[in-house]
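Visitor: quick one, fold the following:
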Amino acid sequence: MQCRLAAAAQRVRRRPEDITLVGVTKLIGLERIQPALAAGLRHLGENYVQEALDKYEVIGDRAIWHFIGHLQRNKVRYVVPRFDLIETVDSLRLAQEIDKRATQVGKRMPVLLQVNVGDEDSKFGVAPSELGALWDQVAALAHLEVQGLMAIPPLAPEPEQSRPYFRRLREMAKELEASAPGPRVRHLSMGMTQDFEVAIEEGATIVRVGTGIFGPRE
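Guide: As a prediction, the model looks like this:
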């Protein structure tokens, strides 16, 4: 997996070390996660709060934790103290709840804004037309550090079909940085097992890979 990541980066003259590989451990047991950590995997991505809490009790700070699923406001209190990055902020109300909980634990919580790049009713994420306003609102919260954007493109059988959506997210990041003073867009989290190489070619700094690392989910 690391070899494929490095090759994709080198094709577009990027440094492989600038790209973070997140192992998506949704429905993956500890018996498969522990060997991956021992082999050098550092970042884990979890979708479900309770499942994540159970794994955190065993793994703890041996991993860097990304929350990559839809986050309900009533679960934020469990996520903020344990996770290192929340990738799926898609509303001001959620951001405000994260800010409140981060204030309580004395933490400045790194977050990404999830964008619905395919304008799909079935997916979460802020609409592209509303991204600029949400970015400014989240950036103003004292205990949040907005670091970039995250997206899940429409499911497609061929990796190249995801390229326009990855490119769109990259262009939105450029527009954010050009529109007004504010935080730099440090991260683009995009690309999964089937299309992460295309995502890297289009500027991904974080790729989220599950079956490509752990094999099929049981």
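
Visitor: only C-alpha atoms for contact and neighbour calcs from this point on.
Guide: Will do.

Visitor: spell out the residue ranges of the helices in this structure.
Guide: Using DSSP state H, the helices of the chain run over residues 2-11, 30-38, 49-59, 76-79, 92-105, 131-139, 163-179, 196-201, 211-214.

Visitor: same list, those, but as a markdown table with mean pLDDT please.
Guide: Output for the helices of the chain, formatted as a markdown table (pLDDT from 0 to 100):
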| stretch | mean pLDDT |
| --- | --- |
| helix 2-11 | 94 |
| helix 30-38 | 96 |
| helix 49-59 | 97 |
| helix 76-79 | 98 |
| helix 92-105 | 98 |
| helix 131-139 | 95 |
| helix 163-179 | 95 |
| helix 196-201 | 98 |
| helix 211-214 | 95 |
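
Visitor: nearest to residue 85, out of those helices?
Guide: Among the helices of the chain, the nearest to residue 85 by CA to CA is helix 76-79 (9.5 Å).

Visitor: pull the CA atoms of that closest one into PDB?
Guide: Extracted in PDB, the C-alpha atoms of helix 76-79 (Å, rounded to 0.1, in the frame of the first residue of the first chain):
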ATOM      1  CA  VAL A  76     -19.400  14.800  20.600                       C
ATOM      2  CA  ARG A  77     -18.600  14.600  24.300                       C
ATOM      3  CA  TYR A  78     -17.100  11.100  23.800                       C
ATOM      4  CA  VAL A  79     -15.100  12.000  20.600                       C
END
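
Visitor: what's the closest non-adjacent residue to residue 103?
Guide: In space, residue 103 comes closest to residue 143 once its chain neighbours are excluded; the distance is 6.0 Å by CA to CA, 6 or more residues apart in numbering.

Visitor: nearest residue to the middle of the protein?
Guide: residue 87 (3.9 Å; CA atoms, centre = their mean).

Visitor: for the helices of the chain, give me JSON lines that also has distance to residue 115.
Guide: Converted to JSON lines, the helices of the chain look like this (distance: least, CA to CA, whole Å):
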{"stretch": "helix 2-11", "distance to residue 115": "24"}
{"stretch": "helix 30-38", "distance to residue 115": "29"}
{"stretch": "helix 49-59", "distance to residue 115": "21"}
{"stretch": "helix 76-79", "distance to residue 115": "20"}
{"stretch": "helix 92-105", "distance to residue 115": "13"}
{"stretch": "helix 131-139", "distance to residue 115": "7"}
{"stretch": "helix 163-179", "distance to residue 115": "8"}
{"stretch": "helix 196-201", "distance to residue 115": "15"}
{"stretch": "helix 211-214", "distance to residue 115": "23"}
